[in-house]
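In: need coordinates for the following:
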Amino acid sequence: MSQHRNRAEVSQRTGRLALRAVREFAFVPSIVVAAFIVLAVIAILADQTHLALFDGLRSLFGTVIGADASTAALQSIATGLLTVTSITFSVLLLAVQQTASNLSPVVFDQFVRRRINQLLLGFFVGLSLFAYVVMVAVKDSMPPIVGAGIATVLTVVGMLLLLVLVYVTVDQMRPSNVVRQIHDRTLAARDAQRPLRERTRRCAGSDQTVRATCHSVLTGYVTAIDLDRLEAALADAPDAEIRLEVQLGGGITYGDVIATVADGDTATAERLADAVSDSVVIDRRRDIDRDATTGVHELVNIAWTSGSTSKQSPEVALEGLDMLRDLASRWMADPQPDGPSEGTLAVVYRDDDLDQVMQALFSLMVVAHESHQHLTAARVLDAYRSLLGRAEPGLRDRMLEDIERMQDLLEQLPSSGMLEKSRADLAAAVRSAGGRQRAGA
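Out: Model prediction:
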């Protein structure tokens, strides 16, 4: 039974990967290439039939392209365009790779997902195929005048679009744009998670005994939780409660606990555990469009590597830090329910997105200490000062503990007016919040 389920899970995951490849990248270029194939068929018909409309097109293009030169023009366009675009794309991919190695692997993901990149790629591939298809269909008695004319016009357009592609790629590789894109996608992922938060509980509300446990048979990351399937499974178990032990984006390995089920009946609990196994989607990689913490990890990774001694690029680190601070500020303003409310399922899901952001901010103080960057340290303190007054009591206590832990790190940093001012401002904010700070801070 376990082996059968494992094979089914692997098969489903393979199908999801194929669908993701089509959805994220291949769909738009395929549509553009298909449009060029249709255009090639029309051009062939125009060259080989004698309808009035097509005769007019042949006369129009024939004034520019001679019958004897049309085939040679198609050959030149097909080979030349393929050479130019392949070289250009190779250089651009090297630029993307360099940026990804300096900032984050997510740069590749952003590059292939952008619609303009997909459209331009589809255009150049489609135009090359257009030229080859029309050239293959040439008959000695019917030169491809219309096909060569269309290919010539589109090649001129393609050369202009090549300049556009170079510019947009360079623009996309700017660190500020990379960081902003991750930030925006993280916010979108958080909004996409809203139904999950609104339909589940934050803490257990049942006094039933845990009678079943769901274990993972795969290794990867949690990318989705099917609440509709869980709701259907709970319909016949009014006293049961499913307590998820995983969060979206969380890493999981074989044998890890996915959830426990509390109920008065063991058979019902085991049935619900099987439903959980079918409802929690585990993939080989994180999905930043579904999981907000993936974006948080990417931002802190960029800020960490840029601010550490390996890169010594504090400006990029500060940009990443500011985006993390913005995420924390927005999510603090989004109130969380304290307990079960009407309409929520008997499913416990512990939302830890904000906690992940706070861990990221504290990590940047550690990297500021490692690289002796007083600029980064001062900005982290400013972030804590700004967020402290908006935090709910539980989070505020956690932040005060973090601030207390920071003091040993701060004492070992080079002194500067900016850092001392940030420490003084934070100390005042701590006193206003009812906390205390070590003397000398």
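In: pretty sure L244 is touching A259, no?
Out: Yes. Using C-beta atoms under 8 Å, L244 makes contact with A259 at a distance of 4.8 Å. For glycine as for every other residue, the C-beta is placed from the backbone atoms N, C-alpha and C.
In: which residues do these two both contact?
Out: Common contact partners of L244 and A259 (C-beta atoms under 8 Å, 6 or more residues apart in numbering): 276, 280.
In: ok, the nearest residue to V28 once chain neighbours are set aside - contacts?
Out: Spatial nearest neighbour of V28, excluding adjacent residues (C-beta to C-beta, 6 or more residues apart in numbering): Q118 at 4.0 Å. Q118 sits next to 25, 28-29, 112 when contact means C-beta under 8 Å, 6+ apart.
In: how about T169?
Out: For T169, the contact set (C-beta under 8 Å, 6+ apart) comprises 92, 95-96, 111, 117.
In: export these to a markdown table and tack on pLDDT and secondary structure?
Out: Putting these into a markdown table (pLDDT from 0 to 100; DSSP: H, G, I helix; E, B strand; the rest coil) gives the following:
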| residue | pLDDT | secondary structure |
| --- | --- | --- |
| L92 | 85 | helix |
| A95 | 86 | helix |
| V96 | 86 | helix |
| F111 | 85 | helix |
| N117 | 89 | helix |
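In: could I have the PyMOL command that selects the buried members from the residues you listed?
Out: Restricted to buried positions by 16 or more other C-beta atoms under 10 Å, the PyMOL selection for these reads:
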select buried, resi 92+96+111+117
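In: can you name the two of the contacts of T169 that are farthest apart?
Out: Greatest spacing in those, by C-beta to C-beta: A95 and N117 (12.6 Å).
In: now do the helix or strand encompassing S422: distance to the chain's middle.
Out: Assessed by DSSP states H and E, S422 sits inside helix 417-432. Put simply, helix 417-432 sits 36 Å off its chain's centre (C-alpha atoms, centre = their mean, to the nearest Å).
In: list the helices and strands that helix packs on?
Out: Identification of packing neighbours for helix 417-432 by 3 or more C-beta pairs under 8 Å, 6 or more residues apart in numbering; DSSP states H and E yields helix 374-388, helix 393-411.
In: so which of those is the most packed in?
Out: Highest mean neighbour count among the helices and strands packed on helix 417-432 (mean count of other C-beta atoms under 10 Å): helix 374-388, with a mean of 23.
In: then that one to PDB, C-alphas only?
Out: Only the C-alpha atoms of helix 374-388 are listed here, as PDB (Å, rounded to 0.1, in the frame of the first residue of the first chain):
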ATOM      1  CA  HIS A 374      27.900  49.600  10.900                       C
ATOM      2  CA  LEU A 375      25.600  50.800   8.100                       C
ATOM      3  CA  THR A 376      23.800  47.500   8.000                       C
ATOM      4  CA  ALA A 377      23.600  47.300  11.800                       C
ATOM      5  CA  ALA A 378      22.100  50.800  12.100                       C
ATOM      6  CA  ARG A 379      19.500  49.900   9.500                       C
ATOM      7  CA  VAL A 380      18.500  46.700  11.400                       C
ATOM      8  CA  LEU A 381      18.100  48.700  14.600                       C
ATOM      9  CA  ASP A 382      16.000  51.300  12.700                       C
ATOM     10  CA  ALA A 383      13.800  48.500  11.500                       C
ATOM     11  CA  TYR A 384      13.300  47.100  15.000                       C
ATOM     12  CA  ARG A 385      12.500  50.600  16.300                       C
ATOM     13  CA  SER A 386       9.900  51.200  13.600                       C
ATOM     14  CA  LEU A 387       8.200  47.800  14.000                       C
ATOM     15  CA  LEU A 388       8.300  47.600  17.800                       C
END
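In: how near is the closest residue to F108 other than its chain neighbours to S308?
Out: Spatially, and ignoring its direct neighbours in sequence, F108 is nearest to A100 (5.3 Å; C-beta to C-beta, 6+ apart). Separation of A100 from S308 (C-beta to C-beta, to the nearest Å): 17 Å.
In: got the contact list for the residue lying closest to I225 once chain neighbours are set aside?
Out: Counting by C-beta to C-beta, 6+ apart, I225 lies nearest to V280, which is 5.6 Å off, once chain neighbours are set aside. If you count contacts by C-beta under 8 Å, 6+ apart, V280 has them with 214, 222, 224-226, 244, 246, 258-259.
In: sorry, back to before: list just the nearest of the contacts of T169 to L327.
Out: Nearest to L327, judged by C-beta to C-beta, of the contacts of T169 is F111 at 22.8 Å.
In: list the contacts for that closest one?
Out: 96, 117, 169, 172.
In: quick check, pLDDT for the last one.
Out: As predicted, Q172 sits at a pLDDT of 86.
In: what residues are up against it?
Out: Contact analysis of Q172 by C-beta under 8 Å, 6+ apart lists 110-111, 114, 178, 181.
In: got the contact list for the residue most central in space within the chain?
Out: The geometric centre of the chain, computed from its C-alpha atoms, lies nearest to I288 (C-alpha atoms, centre = their mean), at 3.1 Å. Residues in contact with I288 (C-beta under 8 Å, 6+ apart) are 106, 109, 182, 185-186, 189, 294-295, 298.
In: quick one: the strands in the stretch 51-200 of the chain?
Out: With DSSP state E, counting those that start in this stretch, there are no strands along the stretch 51-200 of the chain.
In: pLDDT weak spots in it?
Out: Residues of the stretch 51-200 of the chain that meet the criterion pLDDT under 70 lie in 51-69, 139-141.
In: and the helices in it?
Out: Using DSSP state H, counting those that start in this stretch, the helices of the stretch 51-200 of the chain run over residues 52-62, 67-102, 106-113, 115-136, 145-172, 175-192, 194-198.
In: mind giving me the domain ranges of the chain?
Out: The chain breaks down into these domains under automatic domain parsing: 2-173, 201-283, 292-335+351-432.
In: now distance to T344 too, for the ones you listed, in a markdown table please.
Out: Formatted as a markdown table, the domains of the chain follow (distance: least, C-beta to C-beta, whole Å):
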| stretch | distance to T344 |
| --- | --- |
| domain 2-173 | 28 |
| domain 201-283 | 6 |
| domain 292-335+351-432 | 13 |
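In: picking up where we left off before, in the helix holding S422, what's buried?
Out: Neighbour-count burial for helix 417-432, counted by 16+ other C-beta under 10 Å, picks out 419, 422-423, 425-427, 429-430.
In: which helix or strand contains T223?
Out: Going by DSSP H and E, T223 is part of strand 220-225.
In: quick one: the strand or helix carrying V28 to helix 145-172, angle?
Out: Element membership of V28, judged by DSSP H and E, is helix 27-48. Interaxial angle of helix 27-48 relative to helix 145-172 (axes from the mean of the first three to the mean of the last three C-alpha atoms, to 10 degrees): 160 degrees.
In: alright, that wraps it up for me.
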